[in-house]
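# the following comprises the amino acid sequence and a computationally predicted model.
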Amino acid sequence: MKQLLIFISFFTILFGGVDQNDPAFKSYFDAYQSILNENWKQSITEFNQLIKSYPKSNYIDDAYFWIAYAHQEQNENQKAFELYQDFLVQHKGSNLYENAEVQRNQLAKVLFKNDPKK
């Protein structure tokens with residue numbers, strides 16, 4: 001998963017996903033540092049605070065993606081799947097859309113494999 005973080009970080013920077021003029025930039029940067037440090041619960045709290053404090057920020061879609069990712073890293077697969085699914089519906093133009101789609105599809109396989117009803 002660390003490789004995914006590096007790839008997504010590079011992709012975001014390369015394609016202009018960083019907006020230092022956005023009032024939420026510092027909050028986003030701090031929350032993202034929690035992701036890089038694998039402080040999953042803290043990152044969820046920080047990204048949720050960003051969403052609440054800056055609902056019009058350009059970082060909203062990123063925040064929702066990283067919340068789903070943090071749940072996935074905690075093996076909260078059903079919750080992460082639902083969050084990725086919501087992300088795909090609500091953030092079709094996001095630079096993280098394809099990443100969310102890949103993560104959701106991987107989780108679907110895991111959830112199906114672990115489903116006792118199958």
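Yes, it's here. Because the structure is predicted, anything quoted here is derived from the model rather than measured. Residues are numbered from 1 along each chain as shown.
# longest helix of this structure?
As assigned by DSSP state H, the longest helix anywhere in the chain is helix 97-113.
# show me what counts as buried in that one.
99-100, 103-104, 107 (16 or more other Cβ atoms under 10 Å). Where you see a C-beta, it was placed from the backbone N, CA and C, and this is true even at glycine.
# next one: stretch 65-82
Of the residues in stretch 65-82, those buried (16+ other Cβ under 10 Å) are 65-72, 76-77, 80-81.
# out of those, who's nearest residue 48?
Lowest distance from residue 48 to the buried residues of stretch 65-82 (Cβ to Cβ) belongs to residue 67, with 6.8 Å.
# ok, now which ones touch the closest one?
43-44, 47-48, 83 (Cβ atoms under 8 Å, 6 or more residues apart in numbering).
# let's see that with 10 Å instead.
Residues near residue 67 by Cβ atoms under 10 Å, 6 or more residues apart in numbering: 31, 35, 40, 43-48, 50-51, 79-80, 83-84, 87.
# same check, this time on residue 65
By Cβ under 10 Å, 6+ apart, the residues touching residue 65 are 8, 47, 83-84, 87, 91, 94-97, 99-100, 103.
# residue 86 in helix, strand or coil?
The three-state label given to residue 86 by DSSP: H, G, I helix; E, B strand; the rest coil is helix.
# any idea how many residues pack against it?
14 (other Cβ atoms under 10 Å).
# list the buried residues of stretch 81-97.
Applying 16+ other Cβ under 10 Å to stretch 81-97 flags 81, 83-85, 87-88, 91, 94-96 as buried.
# look at residue 74 and report its pLDDT.
Here, the pLDDT recorded for residue 74 equals 97.
# and what of the one 10 residues further on?
Confidence per residue is given as pLDDT, and for residue 84 that number is 98.
# check contacts around residue 57.
Residues in contact with residue 57, defined by Cβ under 10 Å, 6+ apart, are 19, 22-25, 27-28, 50-51, 63.
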